[in-house]
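Participant: coordinates only, sequence not included:
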Ligand SMILES: [Zn+2]
């Protein structure tokens with residue numbers, strides 16, 4: 001066992017002392033699901049005034065509607081009371097400002113070995129990708145028209161969300 005997690009486990013002991021979600025049902029209390037990027041500048045709950053328990057959050061590089069994101073959204077809508085879905089890529093996202101070759105070259109340099117086989121979901125046109133992703137969710141056969149689906153861009157410098165779809 002490593003001590004690499006000691007600070008986090010110590011913090012968790014404090015957290016557990018004040019934990020208030022015990023026995024919680026796990027539904028999305030605000031009826032919200034958010035698909036967004038893994039970027040650490042994004043605080044997906046607080047940026048829309050929510051708190052733990054309110055929303056389902058699915059994150060990946062770029063905030064894309066992948067098959068796994070769709071799986072989460074279908075579960076959210078049918079089992080966890082999701083009624084509003086936000087797809088939220090962001091400004092200055094590495095996945096939208098790098099080419100596949102660039103990312104592979106950077107990882108190859110960091111890893112000290114060839115990374116040309118590694119897949120990365122780079123986004124060539126963030127606006128077009130967002131419109132596509134929103135359309136994929138809206139037209140999914142298991143996501144009914146009663147669910148509101150919106151596409152937004154989060155500005156990591158101002159904290160503002162702008163609706164694009
Ligand atoms: Zn990003």
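Facilitator: Great, that's in hand. Source: prediction; values computed, not measured.
Participant: Apart from its neighbours in sequence, what residue is nearest residue 123?
Facilitator: Leaving aside its sequence neighbours, residue 123 sits nearest to residue 96 (Cβ to Cβ, 6 or more residues apart in numbering; 4.2 Å). The way it works is simple: take the backbone N, C-alpha and C, and place the C-beta from them, glycine included.
Participant: Show me where this protein has its strands.
Facilitator: Here the chain has its strands, by DSSP state E, at 32-37, 55-60, 84-88, 148-154, 161-163.
Participant: quick one, which of the ones you listed is nearest to the ion?
Facilitator: Proximity to the ion (Cβ to the ion) singles out strand 32-37 among the strands of the chain, at 3.2 Å.
Participant: near the ion, anything from the closest one?
Facilitator: Yes - Strand 32-37 is in contact with the ion by Cβ under 5 Å from the ion, via residue 37.
Participant: List the contacts of that strand.
Facilitator: Here strand 32-37 makes contact (Cβ atoms under 8 Å, 6 or more residues apart in numbering) with 42, 44, 48, 50, 54-65, 69, 72-73, 76-77, 82-90, 93, 95, 133, 154.
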